[in-house]
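[1] here are the coordinates; sequence isn't available:
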DNA sequence: CCCGGACTCATACTAAAGTACCAAAAATAG
DNA sequence: CTATTTTTGGTACTTTAGTATGAGTCCGGG
């Protein structure tokens, strides 16, 4: 009994347990003298004791087991947007009011193509490319292809 | 007894419990007739029963309570990448093996700055800037600042 | 039909970019 | 301290980029 008490002393249920034990002992002592005459009483008596203390044990264990419900916080590095899926900023692009040809030229220009290379790819003369490029610069409000490329990438007008 | 059995029937421990009970009943029956003559035996008897079944109950409960040891997993989105948070591709940058000065020049170059502007910002002569720029082009394996800018942005070497 | 926008091309010119080669401080590593 | 790399700067030159201006063609809408 003392052993049990010391075991459950740290729990606030220890006191309750002790009281229950005391009350039960008195009740049992009373029953012991009142119904001892009955032959088979001891069987029932032991059975009830067993059941009671089993239930008590279970209840105690469940109370004591409560802290075992642990909470684990797992920080998860969110697998955010897939590695740079590019989407054109249509709004900004529309503001520029580029013509189809100018847009085509800008696309190649933004890839680092020279005027001559752009001319070859679009089957244009160097002069025509220069004209388009100049017009693009005006509309984009830049003064060099370097600025044009930087701005295009920054505003997500080209990949 | 039957009630207890039915309660714990779903558990694999139910059988073990039943067996223990049976054995115990026989042991108790034996002790009952052997030491009934001793007056105060009933007290010890009940005490042992109580202790035994309490421990048994605790043990049973702990076994049955195993599923109660829950792991509450809280997934917490680590405030990850905000809309295009830029991070430099250190690996690619290292491959280029740029010197500190060359890197500084590239930074400005990638912003669309002209050689003269770069010279002003870094307090260098135009000649020096041209030298650095040429070296950067060699190391980046490009032939113009346009390509350099495009490649820098593509490889995420500059913002 | 003809006007305007889009597209094409050309010439002439200036400015900037880029290459090649050199060289001397300055910093750094062995 | 010496060797090497980095940094700085220069000259001379070629190439490309960029501007300005003009002009011819084509096409759709008033």
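    Received it, and whenever you're ready, just let me know what you need. Note that the coordinates shown come from a computational prediction; the quantities given were computed from them, not determined experimentally.

[2] drop to CA atoms for contacts and neighbour counts, all remaining ones
    Will do.

[3] the domain parsing of chain A - what is it?
    Under the assignment automatic domain parsing, the domains of chain A span A:2-65, A:90-154.

[4] how about low-confidence regions in chain A?
    A:1-28, A:30-49, A:51-84 (pLDDT under 70).

[5] how about the residues of it near DNA strand C?
    Residues of chain A lying close to DNA strand C (Cα under 7 Å from any atom of the strand) are A:99, A:100, A:101, A:102, A:123, A:124, A:125, A:126, A:127, A:128, A:131, A:132.

[6] 10 Å instead?
    Within chain A, the positions near DNA strand C by Cα under 10 Å from any atom of the strand are A:97-105, A:112, A:114, A:119-120, A:122-135, A:143-147.

[7] elements contacting the helix or strand hosting residue A:95?
    Assessed by DSSP states H and E, residue A:95 sits inside helix A:90-96. Based on contacts counted as 3 or more Cα pairs under 8 Å, 6 or more residues apart in numbering or on different chains; DSSP states H and E, there is no element that helix A:90-96 packs against.

[8] heading C-terminal from it, find the next helix or strand.
    helix A:100-109.

[9] circling back: among the residues of chain A next to DNA strand C, name the buried ones.
    A:98, A:102-103, A:105, A:112, A:114, A:119, A:126, A:129-130, A:132-134, A:144-147 (16 or more other Cα atoms under 10 Å in any protein chain shown).

[10] filter these down to the ones near DNA strand D?
    Answer for these near DNA strand D (Cα under 10 Å from any atom of the strand): A:112, A:114, A:119, A:126, A:129-130, A:132-134, A:144-147.

[11] out of the residues you listed, which is nearest to residue A:86?
    The closest of these to residue A:86 turns out to be residue A:112 (Cα to Cα; 18.2 Å).

[12] and the gap between that closest one and residue B:97?
    22 Å (Cα to Cα, to the nearest Å).

[13] ok, the residue in chain A positioned nearest to DNA strand C to chain B distance?
    In chain A, the residue that lies nearest DNA strand C is residue A:124 (3.3 Å; Cα to the nearest atom of the strand). The gap separating residue A:124 from chain B is 20 Å, by Cα to the nearest Cα, to the nearest Å.

[14] likewise for residue A:142?
    10 Å.

[15] quick check: closest non-adjacent residue to that residue.
    Ranked by Cα to Cα, 6 or more residues apart in numbering or on different chains and with sequence neighbours excluded, the top spatial neighbour of residue A:142 is residue A:148, at 6.1 Å.

[16] what does residue A:144 give?
    Closest to residue A:144 by Cα to Cα, 6+ apart is residue A:137, at 7.0 Å.

[17] residues in contact with the one you found?
    Going by Cα atoms under 8 Å, 6 or more residues apart in numbering or on different chains, residue A:137 touches A:143, A:144, A:145, A:148.

[18] what about the residue nearest to the residue of chain A closest to DNA strand C when sequence neighbours are not counted, how many residues nearby?
    Once flanking residues are discounted, residue A:124 sits nearest to residue A:118: 7.9 Å by Cα to Cα, 6+ apart. Neighbourhood size, residue A:118 [other Cα atoms under 10 Å in any protein chain shown]: 23.

[19] cool, and residue A:94?
    When neighbours are counted by other Cα under 10 Å, residue A:94 comes out with 10.

[20] now residue A:110: how far from residue A:124?
    Taking Cα to Cα, one finds residue A:110 at 18 Å from residue A:124.

[21] ugh, wrong one, I meant residue A:86
    In terms of Cα to Cα, residue A:86 sits 29 Å off from residue A:124.
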